[in-house]
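# I would like the atomic coordinates for the input below:
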Amino acid sequence: MPSHHATSLDELPDMTAILARSGLEFIEDMIAGRLPGPPIGATLGFSPIEATRGHVVFEGAARFDVTNPMRGVHGGWYGAILDSCMGCAVMTALERGETYTTLEYKVNIIRALPLEMPVEAIGTLEHKGRSTAVARGELRGRTDGRLYATGTTTCLVMRPDSA
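From the prediction side, this is the model:
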C-alpha cells in the first residue's frame with residue numbers, strides 16, 4: 001500500500017516521471033511507497049496492494065462518508081474502486097512512453113456491501129492492442145469471499161511522444 005497519498009498537485013508525478021517507467025514499474029513504485037498514491041485513494045479508502053503484468057489487486061473498505069440517502073454504499077464507490085483496479089491492470093501492460101485513459105466502463109452491483117467490510121478489487125487485463133485495451137474486475141469480500149460487483153472497461157492507449 002502506498003506509504004502516503006499525494007496531498008497537492010506538486011506531489012503527484014509529472015508526465016516525465018510517468019513516461020520514464022513502464023506501467024508495471026509505475027504501479028510497483030506506488031505500492032512500494034517510492035511514488036505517492038493518488039488522493040482519490042485516501043478520499044475513498046482504497047489502495048493497490050499487488051501488481052503483476054495484467055493483474056492488480058486493490059484493498060479497501062467503504063466508509064460512512066460514501067453512503068447514499070438510503071444508508072447503503074453509493075454505487076459510485078463500487079465504480080471508483082473497480083475503475084481503479086481495471087485501469088491499473090491495463091497500466092501494468094503499458095510500455096515506457098505509453099499512457100492510457102478510460103474510454104468507458106460498466107459496473108454490475110450484485111449485492112449490497114456492508115460498511116467497513118474489507119474488500120479486494122481484482123483487475124485483470126483481457127486484451128491490449130496498439131490503441132485500445134480491455135480489462136475486467138471483481139469486487140469480493142476479503143473475509144467472506146463473496147462477489148459484490150463486477151465490471152468491465154475499455155481504455156485508450158496513448159503515446160504522447162509520437163503525436
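
# kindly provide the distance from residue 97 to residue 37.
Separation of residue 97 from residue 37 (CB to CB, to the nearest Å) stands at 23 Å. The way it works is simple: take the backbone N, C-alpha and C, and place the C-beta from them, glycine included.

# in terms of neighbours, single out the busier of these two.
Shown here are residue 97 and residue 37; by other CB atoms under 10 Å, residue 37 has more neighbours (21 against 15).

# show me the beta-bridge partners of that one.
Beta-bridge pairing for residue 37 (DSSP bridges): residue 5.

# doesn't residue 11 make contact with it?
No - counting by CB atoms under 8 Å, residue 11 is not a contact partner of residue 37; they are 10.0 Å apart.

# and stretch 53-73, average pLDDT?
Averaging pLDDT along stretch 53-73 gives 96.

# which ones are touching the closest residue to residue 79 other than its chain neighbours?
Distance criterion CB to CB, 6 or more residues apart in numbering; nearest residue to residue 79, sequence neighbours excluded, is residue 107 at 4.9 Å. Residues in contact with residue 107 (CB atoms under 8 Å, 6 or more residues apart in numbering) are 75, 78, 79, 82, 149, 150, 151.
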